[in-house]
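Q: Mind folding the following:
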Amino acid sequence: MFENTRLYHAAALLWRKTLLKWFRVLKKRKEEKYWSERMVHRGRENKDKTFYIVRRRDMYCGICSHILSALAHIDEETAKGRIPVVDLQNSFNIYLTPEQVGKVNAWEYYFKQPMGYSLEDVKKSKNVILPYAAKPHKYWVFKILWHKKKDETRAWTIKGGILC
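A: Numbering: from 1, shown residues only. Model prediction:
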C-alpha cells in the first residue's frame, strides 16, 4: 500500500543517496582510526622500553608472507632501538578459529617472539606503538637465481637480500 506512493520513493532515494553513504563513511573512519599508527600507554611497567607491535591488516595471506613481513619489521625496528612483538592474536587471520581470536597468538604456534617479550608483557607496558598495518619500507626477499654450469646441468642458488 505504501510502496507505490511518491513519499516512499522519495524516502528510498534519500536513504540510498545520503544516509547510506554517511553510514559507510562513518564505518570507514572507525576502521581507519583502528589501523592508524599511534602510541598507546597501557600500564606502568617497562618505562624505559618502547615496544612495537608487528601486525597485519590483510587476513588471507600465507605463512611465508607473514614471516617475510615480520622479519622486515623486526630488522627495521631493532635498528631504531624498539622491541618488536609479533601479533597474530588480536585480528582475524586464517590460522585462528573465530573463538581463538583475542585469546591465542598464532605466531607462537610456529615461532618464539623475537626479543622474548610476549603480548602479555606488552599489555602492562607504558610505551607501545601500534603501527599502520602495512608492509614495511624494506621488505625482506629471497632472490633465487638460475645458473648454468659448464657441464650444462642447472642448479639453484639462493641469496638473501633486502629489496629497497
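
Q: need the contact list for the spatially most central residue of the chain.
A: In the chain, the C-alpha nearest the mean C-alpha coordinate belongs to residue 56, at 1.2 Å (CA atoms, centre = their mean). Shown in contact with residue 56 (CB atoms under 8 Å, 6 or more residues apart in numbering): 66, 69, 88, 91, 93, 133. C-betas here are computed from N, CA, C, even on glycine.

Q: Which one of those residues sits in the busiest neighbourhood?
A: residue 88 (27 neighbours; other CB atoms under 10 Å).

Q: got the contact list for that one?
A: With CB under 8 Å, 6+ apart, residue 88 has these contacts: 55-56, 66, 95-96, 105-107.

Q: 7 Å instead?
A: Contact partners of residue 88, counting by CB atoms under 7 Å, 6 or more residues apart in numbering, are 66, 95, 105-107.

Q: can you put those residues in JSON lines and add secondary structure, pLDDT and distance to residue 60?
A: Shown next, in JSON lines, are the contacts of residue 88 (DSSP: H, G, I helix; E, B strand; the rest coil; pLDDT from 0 to 100; distance: CB to CB, whole Å):
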{"residue": "66", "secondary structure": "helix", "pLDDT": "83", "distance to residue 60": "11"}
{"residue": "95", "secondary structure": "coil", "pLDDT": "87", "distance to residue 60": "11"}
{"residue": "105", "secondary structure": "coil", "pLDDT": "91", "distance to residue 60": "18"}
{"residue": "106", "secondary structure": "coil", "pLDDT": "90", "distance to residue 60": "14"}
{"residue": "107", "secondary structure": "helix", "pLDDT": "91", "distance to residue 60": "17"}
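
Q: Thanks a lot, see you next time.
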